[in-house]
Each structure stands twice: as C-alpha cells, then as structure tokens.
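Enquirer: how would this look folded up:
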Amino acid sequence: MNPDVAQGTGRRKRAIARVKLTLGQGVITINKRPIEDYFPRPQLRQIVRQPLEATQSASRFDVEVKAEGGGPTGQAGAVRHGIARALLDMDESLKETLRSNGFLTRDSREKESKKYGRKRARKRFQYSKR
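Expert: Predicted coordinates:
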C-alpha cells in the first residue's frame, strides 16, 4: 500500500464514512463537495476537524470522504471517527492523543427499534381503569 495514503472507516448511528487521507494542504471534501457546502453548520465542521486539530496536522493532509446513511450529525461523527482511524493508519505514534480525546471510540448508541403493539420503542397506550 502507498505510504502517503491512509484509509479509515468511521461509523456513528446509521452513518458510515469512508475516509482517505493524503499528504496535501488541508483540503477537506465530502462526497466531492467542499466541507463548507456539505456541512453548513459550523458545529458540524468543528466536529469533523477535531482529530486533525488535536494532532496538529490540519494543514498537512487532504481529506477525501464518502459519507452515506444517517443524518448530518451522525455523518459528522462518522467522518470524525474515520479521520481518527486514518490518522492512526498514517502515524501509529498519534494513538495516545487520539485515544485520550475519545476519537477512536465508536459511539455505539443506536435508535431502539419499535415494538409491535406499541406506538414507538417504549411508549405505551394510555391505561384506562374505567
């Protein structure tokens, strides 16, 4: 495999992000669109950039992402997870920094499935005594 290219897969909720890291100027593209177009909310852009800022490598790498499934927040979390895994693939010495900030841990919280005979996963119908 090319030593200048690192890959990582990130997941959160129902979102999956396949991340490719290459040496470059710090350009982030998600589904062939600039990050500013794909994530208009500044909070989501900040979430995506967290692993790069924690390792002081924001301007060293170009990030190319293919994100699918879920909503904007889930995708941003998935991209963050994927970038952290790709950084680890690129440089093993960053593991302690990424681990201590919690970027390598997959957020396993998923939506609970709806149960039959109920309105939602946990909601019951109102009980009437009389």
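Enquirer: does P40 count as helix, strand or coil?
Expert: Under the three-state scheme (DSSP: H, G, I helix; E, B strand; the rest coil), P40 adopts coil.
Enquirer: Over to L94?
Expert: Under three-state DSSP, the three-state class of L94 is helix.
Enquirer: now the helices: where do they sit in this protein?
Expert: With helices called from DSSP state H, the chain shows them at 35-38, 42-54, 72-90, 95-100.
Enquirer: Low-confidence bits of this protein, can you list those?
Expert: Along the chain, segments meeting pLDDT under 70 span 1.
Enquirer: Return the distance of the nearest residue to F103 once chain neighbours are set aside relative to A17.
Expert: Computed as CB to CB, 6 or more residues apart in numbering, the closest residue to F103 that is not its neighbour in sequence is A84, at 3.7 Å. The C-beta positions use only the backbone N, C-alpha and C, and glycine is treated the same way. The gap separating A84 from A17 is 11 Å, by CB to CB, to the nearest Å.
Enquirer: what do those two both touch?
Expert: G10 (CB atoms under 8 Å, 6 or more residues apart in numbering).
Enquirer: Can you give me the neighbour number for T29?
Expert: Burial measure for T29: 16 neighbouring residues, criterion other CB atoms under 10 Å.
Enquirer: and it, what does it touch?
Expert: Contacts for T29 (CB under 8 Å, 6+ apart) come out as I35, D62, V63, E64, V65.
Enquirer: likewise L44?
Expert: By CB under 8 Å, 6+ apart, the residues touching L44 are P72, T73, A76.
Enquirer: right, so the helices of the chain: which one is the most enclosed?
Expert: Mean neighbour count (mean count of other CB atoms under 10 Å) peaks for helix 72-90 among these, with a mean of 24.
Enquirer: ok, back up a step: and the contacts of T29, which are buried?
Expert: By neighbour count, with 16 or more other CB atoms under 10 Å, the contacts of T29 hold I35, V63, E64, V65 as buried.
Enquirer: Nearest residue to the second one in space, please, no chain neighbours.
Expert: Across the structure, with CB to CB, 6+ apart as the measure, the residue nearest V63 apart from its sequence neighbours is I28 (4.4 Å).
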